[in-house]
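Peer 1: heads up, no residue letters with this:
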């Protein structure tokens, strides 16, 4: 206990002498911990907005879309069903805002929205009796369109009659996923208003929600509903699909952050261990002096662990605070703290333990420093080797030879320094790979199954007329007819998307990565998500039900499928039943290279007199743009880690060779040559670390991204290694920055008077 | 019976292992230092002087033999027990000063007192007294690197005396100083000795040794000569440093 006051003095003095390095340690550890906390928050189920929405709206577990209104009482009697929401009549309408058309499902709702699955009003208010022109819009849809309370909401019914409505409120629901991943947009209006807009019952559908006693067990209710309603069912969704659709982006980001965070933690531990080890080596004499003053071995270890551990723990604390703040800022609607206590404690405890172990090992070595301060502290083999003498004789640049020799006088620290630079460099390279993959998505959408930049829906025209208008445009090089239907998968518990695109003879250019393209009737290709869902493999025959009609296809290939978590089956229009395929619901337009989709879209709208609906394909990379921010931020943290390692290596090299400087100067080396020697010593380690890290990163980046693609349902085959030029620039920047960092202390040392003491 | 000797060694041996070859540094030294004595240990390079002093302070472990400090056996102590003993009873002065470079002069001098459990106030008072006595009060806030060699050694001396040690061990304290600074440091050592401080000083400089009561000469790790200085040349007390009071 008595040593505490003395130790505090020593720690304070030491920290004051190396403020920059201490700050770097804190920042690097904080950055890594923040990344881990954010990753855990994103991965944790609680952050999925679905959960909060579902609980606050008392959501329904299963939603059934039927033609006519089903018998609610019969549905309530189904096994496992506790309550029923609806049935609600829903009519498809088109919202036209600033020339942009969006499909909207307009849903009837009473002034009292009922006890089950009542939308949660976020701004504005709910519908009131007498709100004949009022509409409440689902929040994500409103956000995507920039709609606010009080804005006009002009809709056109299928019969083409316009109806001016006004937004009175925005509300959230756990019934649908977020727009635009989940279409059409959803809006609620009073039943009377809906009847006024769409009087024809045949053009609308009925939506019924089932709230179950046990949400985990959806099968009995689903099977019961299928038996009861049979062919009436058009579509069905369970809470699992909605939850999955809402968490997609969070999950991808979370995995990316988690990967970077975990590897970053290793790099941080290495940097901390290197920093402490280097510090211990440079302070051998001070530590020996402390021992001669009466410090015991254990007290020295405690002193070092306290000093360096405190820095690490400060980093952990700052990282926790920063991570929680970042997560709370990035995700709306979350309670604070956004992460439940268990993973938070695990991250705090885990990182603290890693930091303390990283500190304890070199500190333990420091404790074994012999207490004789006069003991020689020179590195092993600290004199000029024969090779170096020879190199000087034959007039090779002496700095190069000497620096190379100096770099490895201490094998273990040299190796640790190389690894300490290589690990962050590897992660940066992987980050560049992610970046390149996103770029590739944007630059070559055809490689991710998005050959068509525009989709034309006939609107008021016939499908043929719309196709003719599209073909007439000079920049449209191909027009592929297509239809989408919702099919019940064999278990009949949930719907998947079946897409007819092109015909078996002239298929749409999907990106086939395994097997082959469909080439005959009854053949289909699937995304990874669908294969995983069905447990099917290429070559398997699958049976689905489309509106009561069985659809039996053989899966002949796997395509890159960025939509619907890859749970999409694509086939020729001729494979689908005629009632689903004729006329085609839309046409996908492949544009000439370099064509501006917006310009083509505008021309098509003019050519058709605004009768057709033309939509741009949403590139997944646009949704994932936030990943770039994450990559940039992580690159900064990783660069800090590498920098910390570099400073340690530089300080150690300087200390080890300070005694040699006298010899070198006596041999006739100019100050510049001395500086170059020291820079070479550090620079060589940097160059080796950067080279090793880049090589490792480049070789695993593609594979890792493909793995990520596989788990997210898009499927392997999207990963791209970073381009050679990007890699070259990164490598040169890293090595250049490393040399610059090494240059400052080296120049100072070269100009300084050669020390007389052995220090 | 008078007070026990401050230092007593019995057949003290230290053998280093250099690549498997035993290198004897100290070969059977019997040394007895009475309280208040000022002993100079002389000898050529490699005669084992420094090793002997390191053994006496517990910085190095003996191969065989006994070390008694203040009437208690010390050679059987473990590393930690030696550390505690150094804290309470031994002050060290080294050739290269060994001040902690990052700490100010004041912190360097207060460190041993704080280590021994003194309060901040006690440590500060002791430091102010010592620095004043050694004429360094105005350098208290300076970093060691800003000080001249002689000043650094005076700070090291103040640090060694901070805990009022029973034994002051000095390993070539003037080996790195010019003659003027040597004179200053020696004068201070003489003064603390007159106040009753027991000192064991290693030197190869006969003029430095002449200050001591007794000179022990080592050669190849063995005592070859041990005798009182014939006519100790005492300087008149100088007025600059003042008296360093050690007890009370």
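Peer 2: Okay, I see it. Everything numeric in this text was worked out from a predicted model, so none of it was measured.

Peer 1: tell me the domain ranges of chain A?
Peer 2: In the assignment given by automatic domain parsing, the structural domains of chain A cover A:1-59+A:243-372, A:62-214, A:382-447+A:624-759, A:451-618.

Peer 1: now do the SS call for the residue of the stretch 551-700 of chain A found nearest chain B.
Peer 2: Across the stretch 551-700 of chain A, no residue is closer to chain B than residue A:655, which sits at 11.9 Å (C-beta to the nearest C-beta). C-betas here are computed from N, CA, C, even on glycine. Put simply, residue A:655 is helix when judged by DSSP: H, G, I helix; E, B strand; the rest coil.

Peer 1: how many neighbours does it have?
Peer 2: When neighbours are counted by other C-beta atoms under 10 Å in any protein chain shown, residue A:655 registers 18.

Peer 1: what does residue B:19 give?
Peer 2: 5.

Peer 1: how near is it to residue A:425?
Peer 2: Residue B:19 is 40 Å from residue A:425, where distance means C-beta to C-beta, to the nearest Å.

Peer 1: buried ones in stretch A:502-510?
Peer 2: Within stretch A:502-510, the residues that qualify as buried by neighbour count (16 or more other C-beta atoms under 10 Å in any protein chain shown) are A:502, A:503, A:504, A:507, A:508, A:509, A:510.

Peer 1: closest one of those to chain B?
Peer 2: Taking the buried residues of stretch A:502-510 together and measuring to chain B by C-beta to the nearest C-beta, the closest member is residue A:510, at 66.8 Å.

Peer 1: my read: that closest one touches residue A:525, true?
Peer 2: Yes. Residue A:510 is in contact with residue A:525 according to C-beta atoms under 8 Å; the separation is 6.3 Å.

Peer 1: quick check: neighbours shared by those two?
Peer 2: Here residue A:510 and residue A:525 share the contacting residues A:517, A:559, A:570, scored by C-beta atoms under 8 Å, 6 or more residues apart in numbering or on different chains.

Peer 1: the last one pairs with what?
Peer 2: Read it as residue A:570. Beta-bridge pairing of residue A:570 under DSSP bridges involves residue A:499, residue A:525.

Peer 1: dump the residue contacts of it.
Peer 2: Taking C-beta under 8 Å, 6+ apart, we find residue A:570 in contact with A:498-501, A:508, A:510, A:518, A:524-527, A:559, A:561.

Peer 1: let's see that with 6 Å instead.
Peer 2: Residues in contact with residue A:570 (C-beta atoms under 6 Å, 6 or more residues apart in numbering or on different chains) are A:499, A:501, A:510, A:525.

Peer 1: what's the answer for the first one, then?
Peer 2: Neighbour list for residue A:517: residue A:507 [criterion: C-beta under 6 Å, 6+ apart].

Peer 1: go on, residue A:576?
Peer 2: Neighbouring residues of residue A:576 by C-beta under 6 Å, 6+ apart: residue A:500.

Peer 1: look up how far residue A:61 lies from it.
Peer 2: When residue A:576 is compared with residue A:61 (using C-beta to C-beta), they lie 30 Å apart.

Peer 1: one more: residue A:507?
Peer 2: Note on residue A:507: its distance to residue A:61, by C-beta to C-beta, is 38 Å.

Peer 1: the residue of the stretch 551-700 of chain A closest to chain B contacts residue A:280, correct?
Peer 2: No. Assessed by C-beta atoms under 6 Å, residue A:655 is found out of contact with residue A:280, at 11.2 Å.

Peer 1: three-state assignment of the residue of chain B found nearest chain A?
Peer 2: Closest approach between chain B and chain A, counting by C-beta to the nearest C-beta: residue B:87, at 3.0 Å. Residue B:87 falls in the helix class when you classify it by three-state DSSP.

Peer 1: what's the local residue count around it?
Peer 2: By other C-beta under 10 Å, 22 other residues sit near residue B:87.

Peer 1: next: residue A:471.
Peer 2: Counted with other C-beta under 10 Å, the neighbours of residue A:471 add up to 13.
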